[in-house]
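> starting from these lines, generate the structure:
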Amino acid sequence: MKVVKDRKLVLANGEVFEGVGFGSKKDKIAEIVFNTSMVGYQEILSDPSYCGQIVCLTYPLIGNYGITDDDYESKSIKMSGFVVREYNDRPSNFRATSSLGDVMDEADAAGISNIDTRKLTRIIRDNGSQLCMICDINKPTEEAVKEINARGFEHDQVSRVSTKKVWYSRTANPKYTVVAVDCGMKMNIVRKFNQFGCNVVVVPYTTTFEQVMSFSPDGLFISNGPGDPEDAAPVIELVRKAKGVLPIFGICLGHQIIGLAYGAKTYKMKFGHRGANHPVKNLLNGHIEITSQNHSFAIDKNSLEGTGLELTHVNVIDGELEGIRDTKNHVIAIQYHPESAAGPEDSEYLFKQFIDLMQNYGGNKNA
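Sure, this is the predicted structure:
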């Protein structure tokens, strides 16, 4: 069957990839990044950390197992689109309730297939992530580039994805109460806390220390999320006030926010870490963990000196900082995703570590 190309991907540098559209037919401008996971496109689609991004998936066949109601990582889709080699619109999966394209169309996310994703990935890897546009194939490229450059990179995405109201996730026979600051949190994090015997109080990113303490928590969790951690100023201030009062656990963006609260520095990486196969070395025991990752920013490990933070994990591939802790104040933070629903489970022990901190550290809840 002849492929009729109707959409194109235009990079900020003017390079064009022509392909076949699926999902929303609206023009979409966003940052182009790549993810090396072999499965989990629904989890990627519904991860709020991809807010303001178009994701190039390096695995060549996408859509073949459709979309399942139980596998969403958030209540709404915030990403801008997908770029894939081959798209399958007729899923073969007894659990599937709809196709990827239909869900993307409803969520106003654009897709494009039948392009050379290997070439695109090499461009991102060599030149760094950049802005792009998915648009109609007949749109003049010069016009698209002009619109891309006029848009610029987004900021303060956390305000777009954070919950607007407090909500609760309770479990049978709870042992602890965790206040989770939603900066774009994945649902499987909440599920993990419930499995470990924790009631979870999910709060907006603007929640103050006094409001957190009103829930009489045993611990404070800072979630993953999109964008520059410096944009999440209210959460940085919260960590500064909660340090030494409550055990604190941070994942991904939460890890970076904790670093900033201690005085460390963060920076934007060339193309980030995204995939379910990143090896990380645990410096505390020498073990290598295969991890799921999704982040554009990182903590500068050279900025830890004098902060009171200890380096605990490093990326085996590029030596980037992946984990920190403050044993004095019962704080742990990790750059990758130990809760990953569609990835390795080598790092689930981190939830147990946080549980142990809450068990062994009473804290001063009335401080």
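> and residue 55, what element?
Per DSSP states H and E: residue 55 is located in strand 53-57.
> just checking: what are the partner strands of that strand?
strand 28-35 (parallel), strand 81-83 (parallel) (DSSP bridges).
> for this protein, which segments count as helices?
Taking DSSP state H as the test, the helices found in the chain are 41-45, 100-106, 117-127, 141-151, 158-161, 187-195, 209-213, 233-242, 253-261, 349-360.
> list the contacts of residue 63.
The contact partners of residue 63, by CB atoms under 8 Å, 6 or more residues apart in numbering, come to 22, 41, 84, 87-89, 91, 99-101. C-beta coordinates here come from the backbone N, C-alpha and C atoms, glycine included.
> at 6 Å instead, please
Residues in contact with residue 63, defined by CB atoms under 6 Å, 6 or more residues apart in numbering, are 87-88, 100.
> which one of those residues is nearest residue 13?
Nearest to residue 13 among these is residue 87, at 25.1 Å by CB to CB.
> next, count neighbours for that closest one.
Other residues near residue 87 come to 22 when the count uses other CB atoms under 10 Å.
> how about the one 10 residues further on?
By the criterion of other CB under 10 Å, residue 97 has 14 neighbours.
> how much space is there between the nearest residue to it once chain neighbours are set aside and residue 169?
For residue 97, the nearest residue in space outside its immediate sequence neighbours is residue 69; the separation is 5.1 Å by CB to CB, 6 or more residues apart in numbering. For residue 69, the distance to residue 169 under the criterion CB to CB, to the nearest Å works out to 18 Å.
> between these two, which one's more packed in?
The residue with the greater number of neighbours, taking residue 69 and residue 169 and applying other CB under 10 Å, is residue 169; the counts read 16 against 9.
> isn't that one up against residue 200?
Yes: shown here, residue 169 and residue 200 form a contact pair, counting by CB atoms under 6 Å, at 4.4 Å.
> how about stretch 156-164 as CSV, C-alpha atoms only?
As requested, C-alpha coordinates have been extracted for stretch 156-164 and formatted as CSV (Å, rounded to 0.1, in the frame of the first residue of the first chain):
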residue,chain,number,x,y,z
ASP,A,156,7.2,27.1,34.8
GLN,A,157,5.6,23.9,33.4
VAL,A,158,5.2,22.7,37.0
SER,A,159,2.3,25.2,37.5
ARG,A,160,0.6,23.6,34.5
VAL,A,161,0.8,20.0,35.7
SER,A,162,0.5,20.2,39.5
THR,A,163,-2.8,19.3,41.1
LYS,A,164,-4.9,22.3,42.0
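> what's in contact with it?
Stretch 156-164 is touched from outside by 48, 51-52, 78, 182-184, 202, 204-205, 225-227, 231-232, with contacts defined as CB under 6 Å, 6+ apart.
> how far does it sit from the chain's center?
Distance of stretch 156-164 from the chain centroid (CA atoms, centre = their mean, to the nearest Å) equals 13 Å.
> what's near enough to touch residue 21?
With CB under 6 Å, 6+ apart as the criterion, the residues that contact residue 21 are 6-7, 112.
> how much space between it and residue 91?
18 Å.
> check the gap between the residue nearest the centre of the chain and residue 273 for me.
With distances taken as CA atoms, centre = their mean, residue 49 lies nearest the centre of the chain, 3.4 Å away. Here residue 49 is placed at a distance of 12 Å from residue 273 (CB to CB).
> again, but for residue 333
To residue 273, residue 333 is 16 Å away according to CB to CB.
> tell me, how many residues neighbour residue 106?
Residue 106 - counted by other CB under 10 Å - has 12 other residues nearby.
> ok, back up a step: how far off centre is the strand holding residue 55?
Averaged over its C-alpha atoms, strand 53-57 has a centre that lies 13 Å from its chain's centre (CA atoms, centre = their mean).
> quick check: mean pLDDT across that strand?
Confidence over strand 53-57 (mean pLDDT, whole number) is 98.
> list residues touching both of residue 169 and residue 200?
Taking CB under 6 Å, 6+ apart as the contact criterion, the common neighbours of residue 169 and residue 200 are residue 190.
> now stretch 120-129, how far from the centre of its chain.
For stretch 120-129, the separation from the chain centroid amounts to 20 Å (computed by CA atoms, centre = their mean).
> also stretch 211-229?
Between the centre of stretch 211-229 and the centre of its host chain there is 16 Å, according to CA atoms, centre = their mean.
> so what touches it?
Outside stretch 211-229, the residues that touch it by CB under 6 Å, 6+ apart are 49, 51, 157-158, 176-185, 201, 242, 246-254, 256-257, 260, 266, 297, 358, 365.
> tabulate the contacts of residue 63 in CSV, adding columns for pLDDT and distance to residue 219.
Output for the contacts of residue 63, formatted as CSV (pLDDT from 0 to 100; distance: CB to CB, whole Å):
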residue, pLDDT, distance to residue 219
87, 98, 42
88, 96, 43
100, 98, 37
